[in-house]
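>>> the sequence isn't on hand, but the structure is:
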């Protein structure tokens, strides 16, 4: 089972669209997939036209009411199960502050789930709070969708810094395994400049001791496509709405890359890390261990002056 958090604290970069359509492409290839909506805005839940009030349990119940993952999952499509979000999740971060072990509730719930699954995708909120921290505590990997704009680089710098802290203090198994360019327009020089800068930066990180040293910059680029924007209003994945468009073509290609990664990185069962092998979570006076990180490291559109996001950390 690969547990993948899809995260970027900048909104509107394609997190939910990628979560839905990558999962749908993998499910069509016979993989068993779980989708989790950890965003209080519930965009992933709304995408499928679901009303969380119709169901006995949701993500809120999993995190705060001790409901099991099996109780909370909805059978959404063939090979696809779903953990819905709702408005009550908006207050979850405040309620979780006093909960012991709050950073690993989701990890514990997933580990207790004993049915066969190939992929778990967690759609993270556009913030770096306790909900995102739970996703990072549970995940083995992080995929970062990124729009090739200058402001996206500033958010990426902060995200990498938080991931470094989570890797050191909560989840040593966490890695940043993929970066995906969304809403890509090959006709603009800006897109090429941003992509080149990011490629140069991560190439320089190959020999460092960071969670992103082995990152894959996906060859697939998710091109701008109006059908991808239209499909949520119909409650359909891109393959159900317009299977012959460029958006469907791109997400099928991305799924192929993800499957290739799975084949290349399969480990023997006795080498897989479990929670028993992870160090205990440190609680600092019952406050969240990860505060909003200071923007010490900044990526820039000039590769020669890009700084290491881990610089200055102890």
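Thanks, I have the structure now. For clarity, every value in this text was computed on a predicted model and none was experimentally measured.
>>> correct me, but residue 216 touches residue 179?
Yes. Taking Cβ atoms under 8 Å as the contact criterion, residue 216 and residue 179 are neighbours in contact, 7.4 Å apart. Heads up, the C-betas are built off the backbone N, CA and C, glycines and all.
>>> which one of those two has more residues nearby?
Just comparing residue 216 and residue 179: by other Cβ atoms under 10 Å the higher neighbour count belongs to residue 179, 20 against 17.
>>> doesn't residue 120 belong to a helix?
No. Under DSSP: H, G, I helix; E, B strand; the rest coil, residue 120 falls outside any helix and is assigned strand.
>>> how about it, what does it touch?
Shown in contact with residue 120 (Cβ atoms under 8 Å, 6 or more residues apart in numbering): 1, 2, 3, 4, 33, 34, 36, 110.
>>> one more: residue 89?
Residue 89 makes contacts with 38, 39, 40, 42, 58, 59, 60, 63, 131, as judged by Cβ under 8 Å, 6+ apart.
>>> so the third one is in contact with residue 94, correct?
Going back to what we said before, that points to residue 40. No. Assessed by Cβ under 8 Å, residue 40 is found out of contact with residue 94, at 11.4 Å.
>>> the two: which has the busier surroundings?
Each of residue 40 and residue 94 had its neighbours counted (other Cβ under 10 Å), and the higher figure belongs to residue 40 (21 against 10).
>>> wasn't the more buried one part of a helix?
No. With the criterion set as three-state DSSP, the secondary structure at residue 40 is coil rather than a helix.
>>> distance-wise, check it relative to residue 47.
Spatial separation of residue 40 from residue 47 under the definition Cβ to Cβ, to the nearest Å is 15 Å.
>>> now do residue 76
Counting by Cβ to Cβ, the gap from residue 76 to residue 47 is 10 Å.
>>> again with residue 139
Computed as Cβ to Cβ, the residue 139 to residue 47 distance reads 21 Å.
>>> between the two, who's got more neighbours?
Just comparing residue 139 and residue 47: by other Cβ under 10 Å the higher neighbour count belongs to residue 139, 28 against 23.
>>> excluding sequence neighbours, find me the nearest residue to that one.
Distances taken as Cβ to Cβ, 6 or more residues apart in numbering place residue 5 nearest to residue 139, at 4.0 Å, with adjacent residues excluded.
>>> that neighbour: what secondary structure?
With three-state DSSP as the criterion, residue 5 reads strand.
>>> so it makes contact with residue 136?
Yes. Distance between residue 5 and residue 136: 6.0 Å, which falls inside the contact criterion (Cβ under 8 Å).
>>> related to what we said a few turns ago, looking at the contacts of residue 120, which are in helices?
Secondary structure assignment by DSSP state H places residue 110 of the contacts of residue 120 in helices.
>>> switch the contacts of residue 120 over to TSV; also include pLDDT.
Formatted as TSV, these follow (pLDDT from 0 to 100):
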residue	pLDDT
1	92
2	95
3	97
4	97
33	97
34	97
36	96
110	95
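>>> would you state the strands of the stretch 101-250 of the chain in chain order?
Assigned by DSSP state E, counting those that start in this stretch, the stretch 101-250 of the chain shows strands spanning 119-123, 141-146, 175-184, 216-223.
>>> how close does the residue nearest the centre of the chain sit to residue 21?
Among the residues of the chain, the one closest to the centroid is residue 6, at 1.4 Å (Cα atoms, centre = their mean). Distance, residue 6 to residue 21, using Cβ to Cβ: 11 Å.
>>> with residue 155 instead?
22 Å.
>>> again with residue 121
When residue 121 is compared with residue 21 (using Cβ to Cβ), they lie 11 Å apart.
>>> rewinding a little: now for residue 5 and residue 136: what residues contact both?
Between them, residue 5 and residue 136 share these contacting residues under Cβ under 8 Å, 6+ apart: residue 142.
>>> where are the low-confidence patches of this structure?
52-53, 266-314 (pLDDT under 70).
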